[in-house]
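Requesting a structural model of the entry that follows:
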Amino acid sequence: MIMKKAVVLYSGGLDSTTCLAIAKAEGFVPYALSFSYGQRHSFELEKAKEYAPHVGAAEHRVVDIDLRQFGGSALTADTEVPKDRPIDDAIPVTYVPARNTIFLSYALAWAEVLGATDIFIGVNALDYSGYPDCRPEYIAAYEKMANLATKAGVEQGGLKIHTPLIDLTKAEIIRRGLELDVDYGLTHSCYDPTPEGLACGRCDSCQLRLKGFREVGSSDPVDYAVEVGS
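Residues are numbered from 1 along each chain as shown. Model prediction:
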C-alpha cells in the first residue's frame, strides 16, 4: 500500500504531538511543520526539534516568521501572560492575531510542493482558551478557500484539513496519545516557562494540561516551577 504524505502543523506541545501521532497511525507519512514566530515560549520549539524524529516525522521544517513586528498578543509582545485565571470562552491576551491562518497558508504551500492533499492541525474547540481560529466553522471555511486558491485543490481532487482533536476534551486527547505511545515527557505546553524551561503551572495552557492529566488519573511527566497536584 502506498502511504500518502500529510503536512502536520507541529509546535512540540501536547495537542500537536498527539495530532502527529494520529496522522501516522492513520497511515499517513507525516511531514512536520513548525514556526519560530517570536513566541516567548520558544522552549516548546526545541522540544519539537527533538521529538519530531521520535514520533515518526519523515521530515521536520522550522519556518522563521517575526510576528513580534505586530505584537498584539502576550506571546509576541511585552505583555504579561495571565496566571491563575478562570478558564472561560472569552478570547484572552494570549491569542496571536491570525496565527492559524498564517500557519495553514505555509502548510498549504509545502503540501503542494510535496504533492500532498492532506493537512493535520491539532486545534480543539472544547478544552481550549477561546481562540476563534480553533473552531470547526473556521476550519471548514479555510478548507473551502484552500480548494479554490490552490493548484492542488483545482487539479488534484481537493485538499483536506484534518482536525482529529477538534471535539475531544484534554483528557480524551491524552488518553488517545497514550494509546499511541506518545511520550508526553518530551512535549512542552507552557506559555511562560522559566529560563530553564520549567513550565509555570499557572498559565491557561498549563492549567488545561494539568486538568487533563488529573482527569486521566495520571501525573504530568514534565517539570513545573511550582508544586502541582496529581
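
going forward, measure contacts and count neighbours with C-alpha atoms only.
OK.

list the buried ones in the one helix or strand Leu104 maps to?
Element membership of Leu104, judged by DSSP states H and E, is helix 99-114. Judged by neighbour count (16 or more other CA atoms under 10 Å), helix 99-114 contains these buried residues: Asn100, Phe103, Leu104, Tyr106, Ala107, Leu108, Trp110, Ala111, Glu112.

Heading C-terminal from it, find the next helix or strand.
Heading C-terminal from helix 99-114 (DSSP H and E), you reach strand 118-120.

just to revisit the earlier point, who are the packing partners of the helix holding Leu104?
Counting by 3 or more CA pairs under 8 Å, 6 or more residues apart in numbering; DSSP states H and E, the packing neighbours recorded for helix 99-114 are strand 5-9, strand 118-120.

Tell me which of these approaches Ala199 most closely.
Closest to Ala199 of the helices and strands packed on helix 99-114 is strand 5-9 (CA to CA; 21.9 Å).

which outside residues touch that closest one?
Residues outside strand 5-9 that contact it (CA atoms under 8 Å, 6 or more residues apart in numbering): 16, 19-20, 23, 28-34, 103-104, 107, 110-111, 114-122.

hmm, who's touching the worst-scoring helix or strand of the chain on mean pLDDT?
Within the chain, judged by mean pLDDT, DSSP states H and E, the helix or strand with the poorest mean is helix 151-155; its value is a mean of 78. Applying CA under 8 Å, 6+ apart, the set of residues contacting helix 151-155 from outside is Glu112, Gly115, Thr117, Ala146, Asn147, Leu148, Gly158, Leu159.

Buried ones among the residues you listed?
Buried among the contacts of helix 151-155 by 16+ other CA under 10 Å: Glu112, Thr117, Ala146, Asn147, Gly158, Leu159.

possible to save those as CSV with pLDDT?
Formatted as CSV, the buried ones among the contacts of helix 151-155 follow (pLDDT from 0 to 100):
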residue, pLDDT
Glu112, 93
Thr117, 93
Ala146, 93
Asn147, 93
Gly158, 85
Leu159, 91
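
Closest one of these to Gly185?
Thr117 (31.4 Å).

quick one: contacts for the nearest residue to the closest one once chain neighbours are set aside?
Distance criterion CA to CA, 6 or more residues apart in numbering; nearest residue to Thr117, sequence neighbours excluded, is Leu159 at 4.6 Å. Residues near Leu159 by CA under 8 Å, 6+ apart: Thr117, Asp118, Ile119, Glu143, Ala146, Asn147, Ala152, Gly153.

picking that back up, mind putting the buried ones among the contacts of helix 151-155 into TSV with distance to Val81?
Output for the buried ones among the contacts of helix 151-155, formatted as TSV (distance: CA to CA, whole Å):
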residue	distance to Val81
Glu112	36
Thr117	37
Ala146	33
Asn147	37
Gly158	39
Leu159	36
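
circling back: how far does the least confident helix or strand of the chain sit from its chain's centre?
Distance of helix 151-155 from its chain centroid, counting by CA atoms, centre = their mean, to the nearest Å, is 26 Å.

three-state assignment of the residue lying closest to Cys203 once chain neighbours are set aside?
Nearest residue to Cys203, sequence neighbours excluded (CA to CA, 6+ apart): Lys83, at 4.5 Å. Put simply, Lys83 is coil when judged by DSSP: H, G, I helix; E, B strand; the rest coil.

how near is Lys83 to Ser16?
Here Lys83 is placed at a distance of 23 Å from Ser16 (CA to CA, to the nearest Å).
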